[in-house]
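> Build me a structure from this.
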Amino acid sequence: MVSPNPDPPGRLKYAMLGNDESSTAEKLDKYTGQVDWTYLRPHHLSGVLYFVDPSLALAEVGAAFSEDGKARVEAWIKAGDIVKIGDLHAKQWENGGTQFEALVVSPFVLCRPV
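A predicted model of the protein is given here:
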């Protein structure tokens, strides 16, 4: 029987893609790469794209997302170190040819220009 509430209260609902035996660090490395805006656009339109300030290590932020580090993620958001990408940024990047470092932590995508 499937539980009507599969996620315990208070848990963040994201995780690393893939159910393999890789460590979190290996998965973070596997799902990190350099992409252009055309890759990120659909994630922005879905509302799951976040900017990570260059002062933070992308892998550290990804680990906090994947390991349910809710307090750390909320602190970074409150400090403005993680920001949901808005339409103004998207418009700027639409024709700019900017390259990004991106990390998929399903269902979210973390990014920053390189």
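> neighbours of the nearest residue to residue 98 once chain neighbours are set aside, just the number please.
Leaving aside its chain neighbours, residue 98 sits nearest to residue 113 (5.1 Å; criterion: C-beta to C-beta, 6 or more residues apart in numbering). C-betas here are computed from N, CA, C, even on glycine. For residue 113, the neighbour count with other C-beta atoms under 10 Å is 13.
> swap in residue 57?
10.
> Could you do residue 82 as well?
Neighbours around residue 82, by other C-beta under 10 Å: 22.
> do the same with residue 84
By other C-beta under 10 Å, neighbour count at residue 84 equals 13.
> check contacts around the residue nearest to residue 98.
When the contact criterion is C-beta atoms under 8 Å, 6 or more residues apart in numbering, the partners of residue 113 are 93, 98-100.
> ok, of the residues you listed, which come out buried?
Among the contacts of residue 113, those that count as buried by neighbour count (16 or more other C-beta atoms under 10 Å) are 93, 100.
> Nearest to residue 74 among the contacts of residue 113?
residue 100 (23.8 Å; C-beta to C-beta).
> Could you identify the pair within the contacts of residue 113 that is furthest apart?
Checking the contacts of residue 113 with C-beta to C-beta, the most distant pair is 93 and 99, at 10.2 Å.
> Quickly list what the residue nearest to residue 98 is bridged to.
residue 100 (DSSP bridges).
> and the lowest-mean-pLDDT helix or strand in the chain, what other elements does it pack with?
Taking mean pLDDT, DSSP states H and E as the measure, the helix or strand of the chain with the lowest value is helix 24-30, at a mean of 89. The contact analysis (3 or more C-beta pairs under 8 Å, 6 or more residues apart in numbering; DSSP states H and E) places helix 24-30 against helix 58-66.
> Just the residues contacting the helix it packs on, thanks.
Here helix 58-66 makes contact (C-beta under 8 Å, 6+ apart) with 12, 14-16, 24-25, 27-29, 31-32, 52, 69, 72-73, 76, 82, 101, 103, 105, 108, 110, 112.
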